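Enquirer: Would you be able to build a 3D model of this:
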Amino acid sequence: MKVLVTGGGGFLGGAIVQMLCERGDDVRSFSRGEYASLATMGVQQFSGDLGDRGAVVRAARGCELVFHVAAKAGIWGSYRDFHQANVVGTENVVVACRSNGIGRLVYTSSPSVVFDGSDVEGGDETLPYPPRFEAHYPATKARAEQMALAANSSELAVTALRPHLIWGPGDNHLVPRIVAKARAGKLRRIGTRPNLVDTVYIDNAARAHLRAADRLSPGSVVAGRSYFISNGEPLPLWEMVNRILAAADLPPVTRTISPQLAVALGGICEGLWSLLRLNGEPPMTRFVAHELASAHWFDISAARRDFGYQPEVSIDDGLLRLRHWLQHSPR
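Expert: Now for the predicted structure:
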């Protein structure tokens, strides 16, 4: 099968590419740059910007399935940049599928599209989109998810997966940020509540995409639907953070600030960064403060039922693999 993976050089995209190659598919990647790891696997690479419709259409030509994984993530930046990558980019992927007669599209979304700052405990896919968002990333991902699912038809089957807090060896976002802040002495626990949060190990997240794609066809049960994806093992957030730190041979987080203070600091930082146009991300935002102080874990029974999703790597086993990777990775 000929498959296109947008963002094939990234953390999740790369894991999906590897699994596709291992089962014998003919894989292409569309990314902003070229990657030696993909070349080693024999992946055909197309370089370009998601905002360039012609480039996306050319990359998808001749394919039968598209995994749209690429996105602009982060807690800070201009709305235009997030909109261009996440909304316009998804629109271009849908156009590429239609113009090339591609019948299946798996869109990588995020649980943040339903996060309104309050606790979510065992939430399922009936959760609504909130009326407003505190960050550009979830706002644009929600619009892109709605656009992708609206494109589901008798000619193009579309499903959306919402993997929650992906981590594991090769992580270039979540784990490195936690470790870097801890080493710099800048990591603080927000509040003292044992708020449960679920996460997903990288191999489980990638395998969920392949399973969903294999069950996807026009009119199938997965077509036109979104699914939460996690390890199904919710833990107190700061216990999970401390277990990641232990894998990096770092001490646990002990210093605490109140959720109210964190939200206030987030608002102040956002104002200063906007007013003074400071470079980089603020050390705190209201969105991050609310995420770190609240419970958010999700019911994955729909994914289990509809396409046989089963987390194969437990958190315990994943942490052992993460520890091995951290010990052998340059700092």
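Enquirer: all helices of the chain, in order?
Expert: With DSSP state H as the definition, the chain shows helices at residue ranges 11-22, 36-40, 53-60, 79-82, 89-99, 136-150, 174-183, 202-215, 237-247, 259-276, 286-293, 301-307, 315-327.
Enquirer: closest to residue 121 out of the ones you listed?
Expert: Closest to residue 121 of the helices of the chain, according to C-beta to C-beta: helix 237-247, at 12.8 Å. For glycine as for every other residue, the C-beta is placed from the backbone atoms N, C-alpha and C.
Enquirer: Which residues are in contact with residue 21?
Expert: 27, 41, 42, 43 (C-beta atoms under 8 Å, 6 or more residues apart in numbering).
Enquirer: er, residue 222 actually
Expert: 157, 159, 212, 215, 216, 306, 307.
Enquirer: Compute the number of surrounding residues for the fifth one.
Expert: Neighbours of residue 216 under the rule other C-beta atoms under 10 Å: 23.
Enquirer: related to what we said a few turns ago, I'd like the helices of the chain as JSON lines, with mean pLDDT and distance to residue 167 appended.
Expert: Supplementary listing: those in JSON lines, determined by pLDDT from 0 to 100; distance: least, C-beta to C-beta, whole Å:
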{"stretch": "helix 11-22", "mean pLDDT": "97", "distance to residue 167": "9"}
{"stretch": "helix 36-40", "mean pLDDT": "94", "distance to residue 167": "19"}
{"stretch": "helix 53-60", "mean pLDDT": "97", "distance to residue 167": "29"}
{"stretch": "helix 79-82", "mean pLDDT": "95", "distance to residue 167": "23"}
{"stretch": "helix 89-99", "mean pLDDT": "98", "distance to residue 167": "24"}
{"stretch": "helix 136-150", "mean pLDDT": "97", "distance to residue 167": "18"}
{"stretch": "helix 174-183", "mean pLDDT": "92", "distance to residue 167": "5"}
{"stretch": "helix 202-215", "mean pLDDT": "98", "distance to residue 167": "7"}
{"stretch": "helix 237-247", "mean pLDDT": "96", "distance to residue 167": "7"}
{"stretch": "helix 259-276", "mean pLDDT": "92", "distance to residue 167": "22"}
{"stretch": "helix 286-293", "mean pLDDT": "90", "distance to residue 167": "15"}
{"stretch": "helix 301-307", "mean pLDDT": "98", "distance to residue 167": "18"}
{"stretch": "helix 315-327", "mean pLDDT": "96", "distance to residue 167": "7"}
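Enquirer: No further questions, thank you.
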